[in-house]
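In: Sequence first, then the predicted structure, then my questions.
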Amino acid sequence: MNLNHLTIKQASEGIRKKDFSVTELVSDCFCAIKEKDSEIHAYLEIFEESARADAKKRDEEISHHNDAELSSLPALFGIPLAIKDNILIEGSRATAGSKMLAHYHALYDATVIKKLKKQRAIFLGKTNMDEFAMGSSTENSAFGFSRNPHDLSRVPGGSSGGSAAAVAADMCIAALGSDTGGSIRQPASFCGIAGFKPTYGQVSRHGLIAMASSLDQIGPMAKTVEDAHILFEAIRGQDECDSTTIKELNYELGIKNQELRNLKIGVPKEYFSEGLDVDVKAVITEALEKAKRAGARIEEITLPHSRFALPAYYIIVPSEVSANMARFDGIRYGYSVSAANRHEQRTTLTDTNSKDTRRDAENLYDVYTKTRAQGFGTEVKRRIMLGTYALSAGYYDAYYVKAQKVRRLITQDFDNAFKNVDIIAGPTMPMLPFRFGERTENPLQMYLADVYTVAVNLAGLPAVSVPAGAVTRLGSKLPVGLQFIGSHGKDQKLLSIARQFEQLT
Amino acid sequence: MPITSRDVIHIAHLARIELTPEEEKKFTDDLSAILGFVEELNQVDTEHIEPMTGGTALENIMRKDQEREEDTNGKPQKLLEEAPETERGYVKVKAVFEYT
């Protein structure tokens, strides 16, 4: 077996037992990337030189270690990881999938990167994503889409589609993604891997390029829930650079083995109504049966405001987007029409709808409007426009405040449900991975892909997508993910339950 | 309530995005469709419900107001290198005020 197929757990055991070197592990990952990534296009950039140099350093570091020293190495020592391209690594490019940042180099490490560096993990490269994480298929990336390793004619999901595809195709051991309305869980489901969105505030957002700040959360994407748990442990924690991070949750310590026996699993009837693919439904139903046979109690519950989650999300998110995207003004960094001295950017930015006559900025207003016209893609512009409208005078109460009130009702639905159940389960996605172009024409069609994932972000809850089975369609075995939702701050309990479930499937 | 192309032109001005005529047409249709979809929210009774403004309980987080070496050491120069136009250590911007 090639070493790139290993999980974090297996790889770190192998390193400690000296079954293989970190150099060999990293080398096998790059072999896989070279073999497959011209087709899949999971990566926007690979760091082959620095990753190999780091691997060599790791091997030297442990060459004289005794057993005790080896076993006390940090969990991610020497583990090759892929990082979504909206997370900053000092000195490396961070494009967030946008032309706006095509030549932007990060000036500092995101807190999660600092933590991973401290554990001496290895970064293989940056992964593709929908522009500024706005999308559900990677088709909105300014640098071309990624393909689903299970069927190259289908999308890997999004927005963390590159990270999901890199994990699924064994082009890394694990990866980081970010999730604002499903961007970790959705591609995890489509690519047949585990993807975990932590409770809002568990993981620092410092150094994550913001999309919708009250919802964004970085999280792990991995081959197993156990691996996702290991990676989560490495990146979580309160951070003075992100004042929305929450304090250490002591009451959770000690939860390691959550038994499925007598566990109460709530299944929202709203998540099994119209719009759910019948084959997806069958896989999820069967998976829940397995949990039942293992002793869990399955109870139908109701989340009465479920169907309002998507409309509330698509007011709140564009509103926050319009504010966050205001920083891209062509003045301080990123693409600018006024950057006459930067020829590279002119030659790479030949947008179809920006003719040369539109390039020249006569005044400051032009710098703003032309920079943003040329630097942003269609979906980003659409969300900025929608958010600007929702926040503008006369509409603020009708749209934005109304959506925030509905957000509270959605949160209360979950609070009520968790009075009676330990965990909530349902499909991650209403459909199987779709084909390229199938949903790009009509933005609402694309938004509907997020129907089961957005409520979790609105309520700030932790949720994980776990592979539950597959459906064969036109000769391809397409993965189906089951979503477990935990109560606020109970990330450990959620992951522990999901790990037990993983053993069943 | 459908959005008109006049609305779209006004929003684009507020958002500082120059639109092509095709984009004006497309965004008029798209925004009308999306706003039609979110109209559903009006079915929800939200009387006496407090808006939920963020993802966490609002709590003051304090830290010392002091510079950190990692933010100062060589960073100003690097920040300037990211700017499209600079002059003598400043970011260069086109005139803010103009004669008319």
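Out: In hand now; what should we look at? Numbers count the residues shown, from 1 in each chain, chains lettered A, B, ... in the order given.
In: The lowest-mean-pLDDT helix or strand in chain B and chain A, any residue contact?
Out: In chain B, no helix or strand scores lower on mean pLDDT, DSSP states H and E than helix B:69-72, which sits at a mean of 80. Yes - applying C-beta under 8 Å from any C-beta of the partner chain, one finds helix B:69-72 touching chain A at B:70-71. Any C-beta I mention is one placed from the backbone N, CA and C, and that applies to glycine too.
In: What is the neighbour count of residue 51?
Out: In the absence of a named chain, chain A is used. 22 (other C-beta atoms under 10 Å in any protein chain shown).
In: try chain B instead
Out: 15.
In: ok so it is a helix residue?
Out: No - using DSSP: H, G, I helix; E, B strand; the rest coil, the assignment for B:Pro51 is coil, not a helix.
In: what does the model give it for pLDDT?
Out: Note for B:Pro51: predicted pLDDT of 94.
In: Would you list the phi and psi of it?
Out: phi -60, psi 140 (degrees, to the nearest 10).
In: List the residues that contact the closest residue to it other than its chain neighbours.
Out: Spatially, and ignoring its direct neighbours in sequence, B:Pro51 is nearest to A:Gln404 (3.5 Å; C-beta to C-beta, 6 or more residues apart in numbering or on different chains). Taking C-beta atoms under 8 Å, 6 or more residues apart in numbering or on different chains, we find A:Gln404 in contact with A:312, A:316, B:51-53.
In: if we can go back for a sec, buried sites along the least confident helix or strand of chain B?
Out: Buried residues in helix B:69-72, counted by 16 or more other C-beta atoms under 10 Å in any protein chain shown: none are found.
In: Now do that helix: everything it contacts.
Out: Residues contacting helix B:69-72 (C-beta under 8 Å, 6+ apart): A:Tyr108.
In: where does it sit relative to the chain's centre, distance-wise?
Out: On the basis of C-alpha atoms, centre = their mean, to the nearest Å, helix B:69-72 sits 28 Å off its chain's mean C-alpha point.
In: correct me, but B:Glu18 touches A:Arg372?
Out: Yes - with contact defined as C-beta atoms under 8 Å, B:Glu18 reaches A:Arg372; the gap is 7.4 Å.
In: quick one: which of those two has more around it?
Out: A:Arg372 (25 against 19).
In: Quick check: which element contains the more buried one?
Out: helix A:364-375 (DSSP states H and E).
In: Tabulate the CA atom coordinates of the least confident helix or strand of chain B in CSV.
Out: C-alpha atoms of helix B:69-72 as CSV (Å, rounded to 0.1, in the frame of the first residue of the first chain):
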residue,chain,number,x,y,z
GLU,B,69,6.7,42.1,17.6
GLU,B,70,5.4,39.7,15.0
ASP,B,71,3.2,42.5,13.6
THR,B,72,5.9,45.1,13.4
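In: quick one: what helix or strand has A:Ser336 in it?
Out: Applying DSSP H and E, one finds A:Ser336 in no helix or strand.
In: hang on, the earlier thing: following the least confident helix or strand of chain B, which helix or strand comes up?
Out: Counting by DSSP H and E, what follows helix B:69-72 is helix B:75-82.
In: if I read this right, A:Ala222 contacts A:Ile184, doesn't it?
Out: No - with contact defined as C-beta under 8 Å, A:Ala222 does not count as touching A:Ile184 (10.6 Å).
In: is the helix holding A:Arg372 up against chain B anywhere?
Out: Yes - judged by C-beta under 8 Å from any C-beta, helix A:364-375 and chain B are in contact via A:364-370, A:372-373.
In: Just name the closest of the residues you listed to A:Met429, please.
Out: A:Arg372 (32.4 Å; C-beta to C-beta).
In: I'd guessed that closest one sits against B:Ile17; true?
Out: Yes - here A:Arg372 lies in contact with B:Ile17, judged by C-beta under 8 Å, at a distance of 4.6 Å.
In: Report the set of residues contacting both of these two.
Out: A:Lys381.
In: will you turn the residues of helix A:364-375 next to chain B into TSV that also has pLDDT?
Out: Below are those laid out as TSV (pLDDT from 0 to 100):
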residue	pLDDT
A:Leu364	94
A:Tyr365	94
A:Asp366	94
A:Val367	94
A:Tyr368	96
A:Thr369	97
A:Lys370	96
A:Arg372	97
A:Ala373	97
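In: Return a ChimeraX selection command for the buried portion of these.
Out: Command for ChimeraX that selects the buried part of those, burial taken from 16+ other C-beta under 10 Å:
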select /A:364,366,367,368,369,370,372,373
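In: circling back to that earlier point, of the contacts of A:Gln404, grab the buried ones for ChimeraX.
Out: Only the buried entries of these go into this ChimeraX selection, using 16+ other C-beta under 10 Å:
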select /A:312,316 /B:52
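In: and the stretch 101-250 of chain A, which of its residues are near chain B?
Out: Within reach of chain B by C-beta under 8 Å from any C-beta, the stretch 101-250 of chain A has these residues: A:104-105, A:107-108, A:200-201, A:214-215, A:240, A:243-244, A:246.
In: Let me see the ranges of the strands in chain B.
Out: Taking DSSP state E, the strands of chain B run over residues B:86-87, B:90-91.
In: Okay, now the sheet partners of the first one, with direction.
Out: Read it as strand B:86-87. Here strand B:86-87 is paired, per DSSP bridges, with strand B:90-91 (antiparallel).
In: Could you pull up the mean pLDDT of the partner strand?
Out: pLDDT averaged over strand B:90-91 gives 94.
In: What of stretch A:48-61?
Out: Average pLDDT, stretch A:48-61: 98.
In: rewinding a little: name the nearest of the residues of the stretch 101-250 of chain A next to chain B relative to A:Gly334.
Out: A:Tyr104 (5.5 Å).
In: Is that closest one in contact with B:Pro84, as I believe?
Out: No - between A:Tyr104 and B:Pro84 there is no contact, the gap being 11.2 Å when judged by C-beta under 8 Å.
In: shared neighbours, the two?
Out: Between them, A:Tyr104 and B:Pro84 share these contacting residues under C-beta under 8 Å, 6+ apart: A:Tyr333.
In: before we move on, the earlier item: just the closest of the residues of helix A:364-375 next to chain B to A:Ser189, please.
Out: Taking C-beta to C-beta as the measure, A:Ser189 lies nearest A:Arg372 of the residues of helix A:364-375 next to chain B, at 33.3 Å.
In: export the longest helix along chain B as CSV, just CAs?
Out: Secondary structure of chain B per DSSP state H: the longest helix is helix B:21-38. Presented in CSV, the C-alpha positions along helix B:21-38 are these (Å, rounded to 0.1, in the frame of the first residue of the first chain):
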residue,chain,number,x,y,z
PRO,B,21,-25.5,46.1,-19.7
GLU,B,22,-25.7,42.3,-19.7
GLU,B,23,-24.9,42.1,-16.0
GLU,B,24,-27.6,44.8,-15.3
LYS,B,25,-30.2,42.6,-17.0
LYS,B,26,-29.0,39.4,-15.4
PHE,B,27,-28.8,40.8,-11.9
THR,B,28,-32.2,42.4,-12.3
ASP,B,29,-33.7,38.9,-13.0
ASP,B,30,-31.5,37.1,-10.4
LEU,B,31,-32.2,39.5,-7.5
SER,B,32,-35.9,39.5,-8.2
ALA,B,33,-36.0,35.7,-8.1
ILE,B,34,-33.9,35.5,-4.9
LEU,B,35,-36.0,38.3,-3.2
GLY,B,36,-39.1,36.4,-4.3
PHE,B,37,-37.8,33.3,-2.6
VAL,B,38,-36.9,35.1,0.7
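In: Give me the pLDDT for A:Lys18.
Out: With respect to pLDDT, A:Lys18 scores 96.
In: how close does it get to chain B?
Out: 35 Å (C-beta to the nearest C-beta, to the nearest Å).
In: Skipping its backbone neighbours, what lies nearest residue 98 in space?
Out: Picking chain A for this. Nearest one to A:Ser98, counting by C-beta to C-beta, 6+ apart, is A:Glu131 at 4.6 Å.
In: if you could check chain B rather than the one you did, that'd help
Out: A:Asn363 is the one closest to B:Glu98 (C-beta to C-beta, 6+ apart), at 6.4 Å.
In: residues near that neighbour, how many?
Out: With other C-beta under 10 Å as criterion, A:Asn363 counts 11.
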